[in-house]
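S.K.: one predicted model, sequence on top.
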Amino acid sequence: MFITFEGPEGSGKSTQLILLAAWLRGLGEDVLTTREPGGTVIGDRVRAILLDPACAEMRAETELLLFSAARAQHVGQAIRPHLARGGVVLCDRYADSSLAYQGYGRGLDLATLQVITAFATGGLRPDLVVFLDIDAEAGLRRKQLHAHDDASQWNRMEQETLAYHQRVRAGYWQMAAAEPGRWLLVDASQAVDAVQAVVQARVRQLLPPRP
Ligand code: TYD
């Protein structure tokens, strides 16, 4: 089973992913937790370029291809092998981030993006996309609050305008509305435990029946 976590900055994806992983492990599942861009040595190197404020002049096309290059490696080296062993993969961001940020956010053609994404992933799509939805401004504020713990997190992507982050969020909504069977939209402004309960309830339905 392949589950991805999506949402604007500061939506609490990584916290929810860690909690879900612990719950699934408690049920005996073999869980791989990973993130994009990253998840492999090559992916982490690409990540460093993408998030570096010194790379501010990067073109949208370059950005998309770098995310896609990291993803191609991630799918082939980490995600598919774990799924093939019967494990569960929980991934913090995946292809839908490219559609939201480079497509809806930066205005790259969505049909082209879909072709590039299909090439990079070999057509691997998540069984469930957990969309943690939060108002773009509230999310950025949350992220800024946590920035003292790790200043490097306040990176090139987050320095974008509020309008850009609002387009990203609206893009997520459109994708969630188009495929309600595959997307779970959760109000991420709720308490951590409340959000997790909604996520677990949905994931429980996807697990094979237990004796
Ligand atoms: P990260 O520090 O992982 O942010 P977050 O905690 O919000 O996930 O940085 C990832 C950044 O890269 C984030 O701003 C979203 C962006 N991104 C894209 O623009 N396109 C993509 O395909 C992916 C995977 C991420």
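M.R.: Perfect, I can see it now. Computed from a predicted model, the values in this text were never measured in an experiment.

S.K.: residue 204: what secondary structure?
M.R.: At residue 204 the chain is in helix, as set by DSSP: H, G, I helix; E, B strand; the rest coil.

S.K.: can you give me the pLDDT of it?
M.R.: Listed pLDDT for residue 204 reads 97.

S.K.: also residue 53?
M.R.: pLDDT at residue 53 comes out at 83.

S.K.: for residue 184, same thing?
M.R.: On the pLDDT scale, residue 184 gets 98.

S.K.: wait, a strand at it?
M.R.: Yes - counting by three-state DSSP, residue 184 falls inside a strand.

S.K.: so it makes contact with residue 199?
M.R.: Yes - using Cβ atoms under 8 Å, residue 184 is in contact with residue 199, at 6.9 Å. In this view, the C-beta of every residue, glycine as well, is placed from N, C-alpha and C.

S.K.: and those two? Which one has more around it.
M.R.: Between residue 184 and residue 199, residue 199 has the larger neighbour count (other Cβ atoms under 10 Å), namely 21 against 18.

S.K.: got a list of what the more buried one touches?
M.R.: Contacts for residue 199 (Cβ atoms under 8 Å, 6 or more residues apart in numbering) come out as 16, 20, 130, 184, 186.

S.K.: the helix or strand harbouring it: which residues count as buried?
M.R.: Assessed by DSSP states H and E, residue 199 sits inside helix 192-206. Residues of helix 192-206 classed as buried: 195, 196, 198, 199, 203 (neighbour count, 16 or more other Cβ atoms under 10 Å).

S.K.: now, among those residues, which is nearest to residue 1?
M.R.: residue 203 (8.2 Å; Cβ to Cβ).

S.K.: quick check: chain neighbours aside, which residue is closest to residue 18?
M.R.: residue 33 (7.1 Å; Cβ to Cβ, 6 or more residues apart in numbering).

S.K.: same check on residue 172?
M.R.: Nearest to residue 172 is residue 100, by Cβ to Cβ, 6+ apart, at 5.2 Å.

S.K.: okay, now that neighbour: neighbour count?
M.R.: Neighbours around residue 100, by other Cβ under 10 Å: 24.

S.K.: I figured it hits residue 174, correct?
M.R.: No - using Cβ under 8 Å, residue 100 is not in contact with residue 174; the gap is 9.2 Å.

S.K.: OK, contacts around the most centrally placed residue in the chain?
M.R.: In the chain, the residue lying closest to the centroid (Cα atoms, centre = their mean) is residue 93, at 1.3 Å. The contact partners of residue 93, taken as Cβ under 8 Å, 6+ apart, are 4, 5, 6, 13, 35, 36, 37.

S.K.: 7 Å - rerun?
M.R.: The neighbours of residue 93, taking Cβ atoms under 7 Å, 6 or more residues apart in numbering as the test, are 5, 6, 35, 36.

S.K.: filter these down to the ones near the ligand?
M.R.: The subset of the contacts of residue 93 within reach of the ligand, by Cβ under 6 Å from any ligand atom, is residue 36.

S.K.: quick check on the contacts of residue 93: which are buried?
M.R.: 5, 6, 35, 36.

S.K.: what sits up against the top helix by length along the chain?
M.R.: The helix that spans the most residues within the chain, counting by DSSP state H, is helix 162-178. Residues from elsewhere that reach helix 162-178 (Cβ under 7 Å, 6+ apart): 6-9, 96, 99-101, 103-105, 131, 133, 136-137, 140, 183, 185.
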